[in-house]
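**Q** build the 3D model from these lines:
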Amino acid sequence: MYYKLILLLFSFLLNFACLFGQTNTHPRIYCKNTNSAEFFKTTNAVKWKKQFVQEKKENLEKYLKKCKDDPEWLVSRLQMNWKTKHSKVFLHGGKFSHSTGTAPVPTVRFSGTRDWATDYKTPKLEEVEPYFDDERGMYLTNKNTEKKEWVHPSKVGFAIEKINRSIMSLVEDAAFLYWFTGEEKYAEFAEPVFLKYIEGMYYREPPVDLDNTVQQRVSGLSTFEVIHDHMVVHLTVAYDFLYPFLMKNKRKLNHISAVFQKWGDQIIKNGIPDNNWNLFQARFLTYIALALEGNDEYENGKGQGYYLKYTFDQSTERQWSIREAVSGYDQKTGIWCESPSYSLHVTETLLRILTLLDNLTHQDELSNFPIIDKAALASLQYLFPSGYTVAFGDAHHGIIPPEIFELLIANYRKYNKSDKELMISEFLKQLIDKGEYTRKSEDLFQLFFYENELKKTDNNESKEFSRSVITPTFYAPNVSMFIQRMGEADNAMMISTVGSFGNHAHVNGISMELYANNYVLGPDMSKGSSYWHPDHREYYSQFPAHNTVVVDGISTYGRMRGYHPYTLDNHFPKSMDSRIGFDKVSFSKVSFVEPKTMSDQQRLTAMIKSESGKAYAIDIFRSRKKDLSEQKHDYFYHNLGQSLEILDPNNQELSLQSVNELGTEHGDMKAYDYLSNEKTVSASRNINALFTLKSKGQPDNLMKMWIKGEKDQSVFTVDAPKSNAISKGTAPKEVLGQKIKTLIVRREAEAWRSPFAVVFNPYIEGGENPISKVEFPELIESPETQKIEVIHQDGKTKDIIVANASQNDIAIDENFFQKGLLSVIRKTDSEKTPSYLFASGIYKLDYKEWGIKAYANAVSLSIERTDVGYLIQNDNPVVIKIPIFKGHQPEQLQIYEDGKLINQRSIFANRNNPNQIEFRLDKAYKKVVVLVKK
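**A** Now for the predicted structure:
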């Protein structure tokens with residue numbers, strides 16, 4: 001086997017070496033002249049392609065006219081050192097400092113700052129002053145005053161590079177249209193601007209950071225981060241299409257190739273190798289490689305093969321090869337090690353890179369990276385029932401980039417993978433049918449590589465496949481994310497519980513997002529104005545911007561690179577299991593140590609389906625300092641809505657007092673200073689919080705929280721800064737961009753023996769409300785146990801929930817004993833048997849005449865009453881006891897595997913208790929049926 005692998009690798013490298021040694025004709029990045037006829041034909045025949053080309057023509061016409069009247073109109077608007085011709089650029093950390101030196105030609109100006117947040121507007125091309133180069137800086141309009149003022153480049157954000165990119169995008173379009181139409185007017189428009197920029201970069205040196213900070217090793221040639229050097233794409237594609245015109249006019253190409261090599265070397269030298277940066281850099285390297293000729297064409301040997309080698313096979317300090325970089329995916333789950341928006345962008349970028357390479361090799365390059373196929377499907381696990389992604393860390397709620405599906409489809413069709421193509425096509429069609437995606441070109445890449453039409457699919461088959469891919473629970477340890485789903489359509493509920501692990505993570509302890517009533521009612525906040533802006537550092541990335549618990553008002557740790565995951569202690573159903581038999585309870589229990597205050601924290605979140613099909617959620621959050629000193633714990637919860645009322649147990653609104661008790665002047669962290677409209681009331685007794693979300697033409701969307709009372713406890717209502725996570729797909733337009741109503745439950749003591757206990761009760765005004773009452777009974781003999789009783793709307797059905805801190809703890813009550821973590825029993829007073837009994841992390845459970853006993857590991861088990869008896873599911877060996885009484889005689893056991901009956905046997909009374917039958921299950925089963933004679 002070893003020698004076969006060596007032979008395979010040698011053959012692969014030999015093929016690459018031969019391929020990269022070839023000098024191919026131009027164009028070749030997106031299309032070759034050998035297959036251009038087919039492209040021309042389909043572009044004119046396919047409506048969305050034809051429309052794209054027509055729009056490019058129409059957009060360029062006004063600029064062609066301007067340049068006909070003034071040949072220097074466009075080139076003069078390049079942001080260059082026109083007068084000074086400076087060759088050297090100096091930075092002061094993440095800001096432009098100054099430039100010096102002299103070059104024989106005007107040189108390209110460097111960007112202003114690494115921080116994109118700015119108070120100044122980037123002018124439109126028509127507003128840019130020709131040949132602008134003034135020692136006073138930039139003359140721009142202030143967004144706040146609407147007046148123009150002189151400002152140093154370090155305060156203008158990305159304005160300089162944005163202007164240059166907008167110009168070079170026109171050059172790229174014109175170069176393409178020259179190739180597409182054969183009309184030289186487009187080449188004559190593009191060539192002088194292209195060459196002026198190239199010459200200006202040829203004589204411009206890479207930037208130098210005066211302080212030699214981390215900035216020195218992340219800077220690109222034109223911008224502060226190599227991952228933002230999008231100019232590479234514009235330049236290489238423009239060159240590829242302009243090549244025949246350049247050759248016809250006998251232009252020297254050595255400066256062009258030298259600039260591409262300089263850019264490639266800067267990308268290889270700088271950057272961050274172990275996150276999304278690496279792949280974005282690799283994409284630029286791929287464009288540079290494909291624009292260049294073979295290695296032998298250059299004295300330094302830096303041609304196509306050289307840069308593709310560093311893209312795919314050879315790692316450096318700052319640029320890992322793609323073969324090494326894909327280890328950032330969890331090979332089991334397919335999840336990338338960053339927050340969702342960045343993770344999805346990585347998969348999309350890798351597909352772009354492989355598509356470009358495959359266009360050169362035609363060797364099904366995607367098949368060499370099967371993890372990308374897996375990652376594309378795994379991305380569906382991020383989805384709320386609305387089809388939008390979760391938003392932990394710096395992520396926001398958005399759809400999965402349709403380009404992921406488009407490029408997979410293109411590969412599958414090219415290499416005749418019809419089953420895969422049909423499967424992915426249906427996902428894309430769902431986005432189209434919902435109006436969230438329209439098939440069209442946003443850029444030239446998409447014009448060339450998207451398939452003309454999608455194949456017809458079988459909607460029913462796709463739905464079944466979706467159920468197998470989007471599972472009821474999903475755990476991604478490399479980002480510390482656990483997702484629970486329950487119900488469908490209007491009854492769908494979902495909870496995402498996250499820690500802080502991987503890149504672009506926040507300082508959030510154990511945080512959650514809650515979806516119900518078709519919206520993410522309890523959202524995350526996402527990132528601030530920018531990563532360098534005070535609102536991000538002080539608020540958005542910190543604990544109080546999340547649905548979590550803050551200790552002593554100061555909980556924190558390092559942001560961005562997260563190294564504080566939680567431990568997933570228990571959960572049900574099993575992660576990534578699509579074939580569950582019991583769907584009425586879902587839960588997770590996670591634990592974490594908050595490092596700033598050295599506090600133990602634990603969160604148990606569960607969703608429980610009511611008899612009506614609507615679900616409610618429970619949240620039991622334990623928190624305590626290890627040193628048992630004086631302490632306080634703040635439970636934060638943010639919910640969509642225009643109002644937040646605090647009610648007593650009789651639903652009478654309580655009067656709250658306006659106060660000033662939160663913030664840095666009271667010893668809290670800076671994030672508390674971002675909260676406003678602060679009001680408070682005592683919460684020593686049980687209370688309710690009611691969030692009301694109003695949307696035009698819709699009944700009120702309500703979230704009622706049933707909150708356990710406790711001495712030394714109060715609640716605050718505050719307005720928190722807007723959530724940057726929510727979008728039109730996860731919140732109504734009325735609350736987008738608005739401050740978010742927030743509840744804080746403050747405990748002036750430890751919250752472990754008596755944890756924060758909340759029942760989330762979402763419903764629509766005038767619709768089904770599953771809960772009429774919630775009680776939090778105290779267990780005298782087990783004071784650390786949390787018991788919750790939820791009375792359904794009918795007033796008769798009751799769910800009894802008993803939760804311990806661990807599966808080794810004991811809970812004792814009347815006719816009840818539990819050694820284990822969690823139990824849920826649904827009963828009515830008029831019926832002698834529960835409609836279901838659920839237990840997890842249990843060693844022993846006795847409830848009246850019912851009994852469960854593990855005889856190996858702690859067991860998770862469900863017993864659900866049916867018309868013929870009981871349906872049982874278990875994950876470990878267990879002994880089960882069921883009562884016997886008149887009209888209720890359990891008599892036979894049926895055991896199933898993979899849906900087939902494999903064993904049936906009679907069951908008998910317990911020799912120690914004639915009022916019980918007792919039987920054993922020797923291993924885990926998805927389906928066991930107990931037949932009851934009535």
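
**Q** alpha carbons only for contacts and neighbour counts from here, please
**A** Fine.

**Q** ok, residues contacting stretch 109-129?
**A** 77, 79-81, 89, 94-96, 140-144, 153-163, 166-167, 221-225, 529-533 (CA atoms under 8 Å, 6 or more residues apart in numbering).

**Q** how about stretch 179-193?
**A** Contacts for stretch 179-193 (CA under 8 Å, 6+ apart): 40, 64, 67, 74-75, 168, 170-172, 174-175, 177-178, 241-242, 245-246.

**Q** report the buried residues of it.
**A** W179, Y186, A187, E188, F189, A190, E191, P192, V193 (16 or more other CA atoms under 10 Å).

**Q** cool, stretch 410-423 as well?
**A** Quick answer for stretch 410-423 (16+ other CA under 10 Å): A410, N411, Y412, R413, E421, L422, M423.

**Q** hang on, isn't the fifth one packed against F405?
**A** What that stands for is E421. No: judged on CA atoms under 8 Å, E421 makes no contact with F405 at a distance of 9.2 Å.

**Q** before we move on, back to that, okay, and which of the buried residues of stretch 179-193 map to helices?
**A** The helices, defined by DSSP state H, take in W179, Y186, A187, E188, F189, A190, E191, P192, V193 from those.

**Q** possible to save these as JSON lines with distance to L350 and pLDDT?
**A** Listed next are those as JSON lines, based on distance: CA to CA, whole Å; pLDDT from 0 to 100:
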{"residue": "W179", "distance to L350": "27", "pLDDT": "96"}
{"residue": "Y186", "distance to L350": "32", "pLDDT": "98"}
{"residue": "A187", "distance to L350": "31", "pLDDT": "98"}
{"residue": "E188", "distance to L350": "35", "pLDDT": "97"}
{"residue": "F189", "distance to L350": "33", "pLDDT": "98"}
{"residue": "A190", "distance to L350": "30", "pLDDT": "98"}
{"residue": "E191", "distance to L350": "31", "pLDDT": "98"}
{"residue": "P192", "distance to L350": "33", "pLDDT": "97"}
{"residue": "V193", "distance to L350": "31", "pLDDT": "98"}
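
**Q** could you dump the residues you listed into CSV with distance to K574 added?
**A** Formatted as CSV, those follow (distance: CA to CA, whole Å):
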residue, distance to K574
W179, 56
Y186, 60
A187, 60
E188, 64
F189, 61
A190, 59
E191, 60
P192, 62
V193, 59
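
**Q** now stretch 902-910: buried residues?
**A** Quick answer for stretch 902-910 (16+ other CA under 10 Å): I907, A909.

**Q** do the same with stretch 348-368
**A** For stretch 348-368, the buried set under the neighbour-count rule, 16+ other CA under 10 Å, comprises 348-357, 359-360, 364-366.

**Q** farthest-apart pair in these, please.
**A** The most widely separated members of these, counting by CA to CA, are E348 and L360 (19.0 Å).

**Q** M494 and L514, how far apart?
**A** Look at M494 and L514: by CA to CA, to the nearest Å, they are 6 Å apart.

**Q** neighbours around D229, how many?
**A** The number of residues packed near D229 is 22, by other CA atoms under 10 Å.

**Q** what's the spacing between it and N503?
**A** Distance, D229 to N503, by CA to CA: 21 Å.

**Q** and if you look at Q873?
**A** Distance, Q873 to N503, by CA to CA: 38 Å.

**Q** of these two, which one has the most company?
**A** Legend: neighbour count by other CA under 10 Å for Q873 and N503, higher for N503 (24 against 21).

**Q** quick check, that one in a strand?
**A** Yes: under DSSP: H, G, I helix; E, B strand; the rest coil, N503 falls within a strand.

**Q** quick one: it and N275 touch, right?
**A** Yes: counting by CA under 8 Å, N503 does reach N275; the two are 7.1 Å apart.

**Q** what sits in contact with each of these two?
**A** Joint contacts of N503 and N275 (CA under 8 Å, 6+ apart) are C337, E338.

**Q** which residues touch N915?
**A** N915 sits next to E849, P883, I884, F885, A909 when contact means CA under 8 Å, 6+ apart.

**Q** what's the answer for P244, then?
**A** Contact partners of P244, counting by CA under 8 Å, 6+ apart, are H26.

**Q** return the alpha-carbon coordinates of whichever strand or helix holds it using CSV.
**A** Assigned by DSSP states H and E, P244 falls within helix 231-248. Provided in CSV are the C-alpha atoms of helix 231-248 (Å, rounded to 0.1, in the frame of the first residue of the first chain):
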residue,chain,number,x,y,z
MET,A,231,-6.8,44.1,-7.4
VAL,A,232,-5.0,40.9,-8.4
VAL,A,233,-8.1,39.4,-9.9
HIS,A,234,-8.9,42.6,-11.9
LEU,A,235,-5.3,42.8,-13.2
THR,A,236,-4.7,39.2,-14.1
VAL,A,237,-8.1,38.8,-15.9
ALA,A,238,-7.7,42.0,-17.8
TYR,A,239,-4.2,41.0,-18.9
ASP,A,240,-5.4,37.6,-19.9
PHE,A,241,-8.0,39.0,-22.3
LEU,A,242,-5.9,42.0,-23.4
TYR,A,243,-2.9,39.7,-24.3
PRO,A,244,-3.5,39.6,-28.0
PHE,A,245,-3.8,43.4,-28.2
LEU,A,246,-0.7,43.9,-26.1
MET,A,247,1.3,41.5,-28.4
LYS,A,248,-0.2,43.1,-31.6
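
**Q** so what's the gap between it and the chain middle?
**A** Counting by CA atoms, centre = their mean, to the nearest Å, helix 231-248 is centred 36 Å from the centre of its parent chain.

**Q** buried set for that helix?
**A** Buried residues in helix 231-248, counted by 16+ other CA under 10 Å: 231-246.

**Q** tell me what the helix or strand following that helix is packed against?
**A** Under the assignment DSSP H and E, the closest C-terminal helix or strand after helix 231-248 is helix 254-269. When contacts are defined as 3 or more CA pairs under 8 Å, 6 or more residues apart in numbering; DSSP states H and E, helix 254-269 packs onto helix 184-202, helix 231-248, helix 276-291.

**Q** how about residues contacting helix 254-269?
**A** By CA under 8 Å, 6+ apart, the residues outside helix 254-269 that reach it are 198-199, 201-202, 206, 217, 220-221, 226, 232, 236, 281, 284-285, 288, 292, 302-303, 307, 310, 316-319.

**Q** kindly report the same for stretch 641-655.
**A** Contact partners of stretch 641-655, identified using CA under 8 Å, 6+ apart, comprise 681, 686-694, 717, 735, 740-742.

**Q** state the mean pLDDT of it.
**A** Stretch 641-655 shows a mean pLDDT of 95.
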